[in-house]
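S.K.: Everything below, folded, please.
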Amino acid sequence: MNAVHINWTKPYFERNDGEYRIEDFELLTTVLSALKWREKNGSIKMITDTAGAEYYRRNGFEELWDGGIHIALDGIKEDAYMFWAAGKLHALRNERVPVAVIDTDFIVWEEILFDRLPDLTVIHDEELYPDVYPDVNAFRMKGVYRFDPSWDWRIKALNTAFYVIKNRELLDLYTKEAVYFMENAEPQDDPLRYMVFAEQRLLPMCAAKIGCEVRTFSTLERLFRHGEGWFTHIWGMKQQMRDNAELREAFCRRCAERIWRDFPDWGERLKKSGPISRYF
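M.R.: Below you'll find the model as predicted:
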């Protein structure tokens, strides 16, 4: 199964000055995410912009993705503060199906039986907590925009840290509607509900509209407890590692040890230079 990593760097420059950088724990999970996918499940490529491609190439990561690094996210017009994952949605518009979409902070440790999967399989669904997933009246849109009256607002949202999509019609409809929504949303000081609507709530609405079968690999509760030995997602741990140097050090060293154990050639590469060499 072909997979994609996606990195749009514009949100970084929205928050930071100077040269583009990626945090050490994110780089280490990116390495394990790409190499484990190649080992267990197939090919993977990186879709990014010029700044992202230059960073990966300068620091010796170019061969991490056997499908290569593809520059396709320059010139995206969406507000990077409000829609920080807009690059992900734009990148998918030109992808072939079937495709697996994997965040760089997500690792799939085992083989996925793709032949058994339906039109769409996501890592887990999400409850519609109103502060994150409000009803339609909470959104402020430009005058030309109209929400599709066929969308079912009762359907649970779908977490898109990892998913496999097989249906071309669904991918086209989802990315079209997501981009159209982002283009027509009024600027907001608290953009969370807008970004997760575009990325994680529109997907199941579009699937239901055209009758696609949707499944989940796991549940949030099971993943939070132990990951079932199949998946690791560090999203909820990132701020803790930023705040706790010991936790960060321990996590990074565990990742480096796993890279040494499973991919010793990459351990040799990474210890010679680059932003995570000290862990090797």
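S.K.: Strands of this structure, residue ranges please.
M.R.: 3-7, 44-48, 69-71, 99-102, 106-108, 120-122, 125-126, 157-158, 162-165, 214-216, 231-233 (DSSP state E).
S.K.: Nearest to residue 175, out of these?
M.R.: Nearest to residue 175, of all those, is strand 162-165, at 10.2 Å by Cβ to Cβ. Yep, even glycine has a C-beta here, placed from its N, CA and C like the rest.
S.K.: who does that closest one pair up with?
M.R.: strand 99-102 (antiparallel), strand 120-122 (antiparallel) (DSSP bridges).
S.K.: so how far is residue 56 from the residue nearest to residue 117 when sequence neighbours are not counted?
M.R.: Counting by Cβ to Cβ, 6 or more residues apart in numbering, residue 117 lies nearest to residue 164, which is 5.5 Å off, once chain neighbours are set aside. Per Cβ to Cβ, to the nearest Å, residue 164 is found 24 Å from residue 56.
S.K.: again with residue 229
M.R.: Distance check for residue 229 against residue 56: by Cβ to Cβ, it reads 29 Å.
S.K.: Quick check, residue 187 in contact with residue 82.
M.R.: Yes: with contact defined as Cβ atoms under 8 Å, residue 187 counts as touching residue 82 (6.5 Å).
S.K.: tally of neighbours for residue 47?
M.R.: 26 (other Cβ atoms under 10 Å).
S.K.: Residues in a beta bridge with it, which ones?
M.R.: According to DSSP bridges, the partner residues bridging residue 47 are residue 6, residue 70.
S.K.: correct me, but it touches residue 91?
M.R.: Yes: the pair residue 47 and residue 91 qualifies as a contact (Cβ under 8 Å) at a distance of 4.3 Å.
S.K.: who touches both of the two?
M.R.: 4, 6, 72-73 (Cβ atoms under 8 Å, 6 or more residues apart in numbering).
S.K.: By mean pLDDT, show me the worst of the strands of the chain.
M.R.: The weakest mean pLDDT among these belongs to strand 231-233, with a mean of 93.
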